[in-house]
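Trainee: sequence first, then the predicted structure:
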Amino acid sequence: MKDYLKIAGKTAIVTGSGRGIGRGVAAGLASYGAKVMVADINDENGVKVRDEIIAEGGVADYCHCDVCKIGDIRNLVAKTAEKFGTIDILVNNAGGGEPPCDFFTITDERWDHYIRFNLYSAFYMIREVFPYMKEQKKGKIVNISSGYAIGGGDFCAHYASAKAGVIGLTTSIAKEGAPYGINVNVIPVPTTDTPGLREADFELVGDEIPLIPLGRIAVPEDIANTVLFLVSESADYVTGQIVAPNGGRRMLI
């Protein structure tokens, strides 16, 4: 039987992988044989995910990382290369927003924070791993954006703007990485059943379900499965693309 993904033995960094979508992505990669560096700002969550992967027979390590701090990012990348030899896959998953707010109430400090958290962090991570991928003339990068980056979001102008920037970053880096065999794609994630959603506005999900042709919101495994394809050798001819697993909520053409 053929190995469709061919990611066994490859090294992956997944930021924000202590829970939610990141946890699902990390576990999915490990289940197909990738060596995963779990990275998160919450050490308890991150260590737990690392231990879960190892308990399932996978290979993983954990590194504390605040993606808003370039020092933490450089340490993460260096530790990954030292532990596993190189870096083949990067999933820029860390990011997030805050409860809905009118755009004219967003302070300069909050604007700066959420742009840095969602956009700068992806730029910093790509900049640090790019030399490893360029040297080996191969690499896969998947950036996690949001459906709000495409259709807009009510009362989250800073978050939507940052996630739209992630799409622009993706397409630009895809062109620059192509000569070195580096594929860069972006997933604008839809409403997804994660701990963060349940802690925020899960009660509003019921209003969205009628708008989704497939009749349910996403779960982390839906996003993880899309990541698995994009980082696999089966996606070697896919780069600079917006790949949206959203149950038909937004149909991109």
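Mentor: Here it is on my side, so go on. Residues are numbered from 1 along each chain as shown.
Trainee: count of neighbours near residue 6?
Mentor: Neighbour count for residue 6, taken as other Cβ atoms under 10 Å: 14. C-betas here are computed from N, CA, C, even on glycine.
Trainee: likewise the one 4 residues further on?
Mentor: Other residues near residue 10 number 24, with proximity taken as other Cβ under 10 Å.
Trainee: what's near enough to touch it?
Mentor: By Cβ atoms under 8 Å, 6 or more residues apart in numbering, residue 10 lies in contact with 33, 34, 35, 88, 89, 231.
Trainee: next, count neighbours for the last one.
Mentor: Residue neighbour count, defined by other Cβ under 10 Å, stands at 28 for residue 231.
Trainee: please report phi then psi for the closest residue to it other than its chain neighbours.
Mentor: Of all residues not flanking residue 231 in the chain, residue 140 sits nearest, at 4.1 Å (Cβ to Cβ, 6 or more residues apart in numbering). Taking degrees, to the nearest 10, you get phi -130, psi 130 for the backbone angles of residue 140.
Trainee: how far away is residue 140 from residue 95?
Mentor: Distance of residue 140 to residue 95, computed by Cβ to Cβ, to the nearest Å: 19 Å.
Trainee: and residue 207, by the same measure?
Mentor: From residue 207 to residue 95 the distance is 24 Å (Cβ to Cβ).
Trainee: who has more neighbours, those two?
Mentor: Neighbour totals were compared for residue 207 and residue 95, and residue 95 leads with 25 against 8 (other Cβ under 10 Å).
Trainee: could I get the contacting residues of that one?
Mentor: With Cβ under 8 Å, 6+ apart, residue 95 has these contacts: 16, 67, 117, 118, 121, 122, 144, 162, 163.
Trainee: now do the contacts for the third one.
Mentor: Residues near residue 117 by Cβ under 8 Å, 6+ apart: 67, 68, 94, 95, 96, 162.
Trainee: was I right about the second one contacting residue 120?
Mentor: Right, residue 68. Yes: counting by Cβ atoms under 8 Å, residue 68 touches residue 120, with 7.2 Å between them.
Trainee: in the chain, which spans are strands?
Mentor: Secondary structure of the chain (DSSP state E): strands at 11-15, 35-40, 59-64, 89-92, 139-146, 182-189.
Trainee: could you dump those strands to TSV with mean neighbour count and mean pLDDT?
Mentor: Converted to TSV, those look like this (neighbours: other Cβ atoms under 10 Å; pLDDT from 0 to 100):
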stretch	mean neighbour count	mean pLDDT
strand 11-15	28	98
strand 35-40	29	98
strand 59-64	20	98
strand 89-92	29	98
strand 139-146	26	97
strand 182-189	25	97
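Trainee: which one of those lies nearest to residue 169?
Mentor: strand 139-146 (6.9 Å; Cβ to Cβ).
Trainee: could you point out the longest helix of the chain?
Mentor: Longest helix of the chain, by residue count under DSSP state H: helix 157-177.
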